[in-house]
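predicted structure and sequence below. I'll ask about it afterward.
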Amino acid sequence: MMRPLLVATIFASASVVVPHAQEISQEYQIKAAYLYNFLKYVDWPEPINRTFLICVAGQNPFGSVLDGLTSNERVRGNPVKTEIILGFEPGCDVIFTPRTSNIPAYLQGAAGKPILTVGETPRFIEQGGIVNFFLENGKVRFEINRNAAERAGLRFSSRLLQLAKIVDPGAEER
């Protein structure tokens, strides 16, 4: 069950007026809001005392929406920046891999590092990703692989976990 306050916080960010936002689908406006808000509800193994960096791998499906959401924003006192990357970048705190990117290469680069990997393909979690967006009844939802998060040293707020579908891709093999 979704918690009203957290959902309101996440979707309030999605309603920020951003130039050219009308050119980007509502699905990607919502995903952009989630990416930004994940920073608030994930704990990295060591406190981040620098700019949080959200990286988008390859083709940018967000247009200027994600930049608009993060512009002049701070999370835990740290500024937030977005960057488009064409190969794995170790400085990223979050890497979003759209359907069109070389997902295995980014996941392999991030493996074992404190990087929140986020995707949007059906097998993303099985490939080792941490958070995966999916559509359910026309709404953007997300699933979390807590085992992959633990391997990366990341911890999710219980408030965020209440919104997610928790998956364990190796459970059926045990």
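That came through fine.

let me know the distance separating residue 116 from residue 135.
21 Å (CB to CB, to the nearest Å). No exception for glycine: its C-beta is placed from N, CA and C like everyone else's.

quick one, which of these two is more surrounded?
More neighbours surround residue 116 than the other of residue 116 and residue 135, with 24 against 10 (other CB atoms under 10 Å).

does that one touch residue 156 like I think?
No: using CB atoms under 8 Å, residue 116 makes no contact with residue 156, being 9.4 Å away.

most centrally placed residue in the chain?
The C-alpha lying nearest the average C-alpha coordinate of the chain belongs to residue 35 (CA atoms, centre = their mean; 3.9 Å).

re earlier: between residue 116 and residue 156, what contacts are shared?
42, 149 (CB atoms under 8 Å, 6 or more residues apart in numbering).

tell me the contacts of the closest residue to residue 120 other than its chain neighbours?
Spatial nearest neighbour of residue 120, chain neighbours left out: residue 133 (4.5 Å); criterion: CB to CB, 6 or more residues apart in numbering. The neighbourhood of residue 133, defined by CB under 8 Å, 6+ apart, consists of 31, 34, 118, 119, 120, 140, 141, 142.

buried only: go through those residues for me.
Buried by 16 or more other CB atoms under 10 Å: 31, 34, 118, 119, 120, 140, 142, out of these.

okay, and which of the contacts of residue 133 map to helices?
31, 34 (DSSP state H).

pLDDT and distance to residue 112 added to the contacts of residue 133, as a markdown table?
Below are those laid out as a markdown table (pLDDT from 0 to 100; distance: CB to CB, whole Å):
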| residue | pLDDT | distance to residue 112 |
| --- | --- | --- |
| 31 | 98 | 25 |
| 34 | 98 | 24 |
| 118 | 98 | 17 |
| 119 | 98 | 17 |
| 120 | 98 | 23 |
| 140 | 98 | 28 |
| 141 | 98 | 27 |
| 142 | 98 | 22 |
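
could you point out which of the contacts of residue 133 is nearest to residue 128?
Distance to residue 128, by CB to CB, is smallest for residue 119 among the contacts of residue 133, at 10.0 Å.

I figured residue 169 hits residue 123, correct?
No: taking contacts as CB under 8 Å, residue 169 lies outside contact range of residue 123: 9.2 Å.
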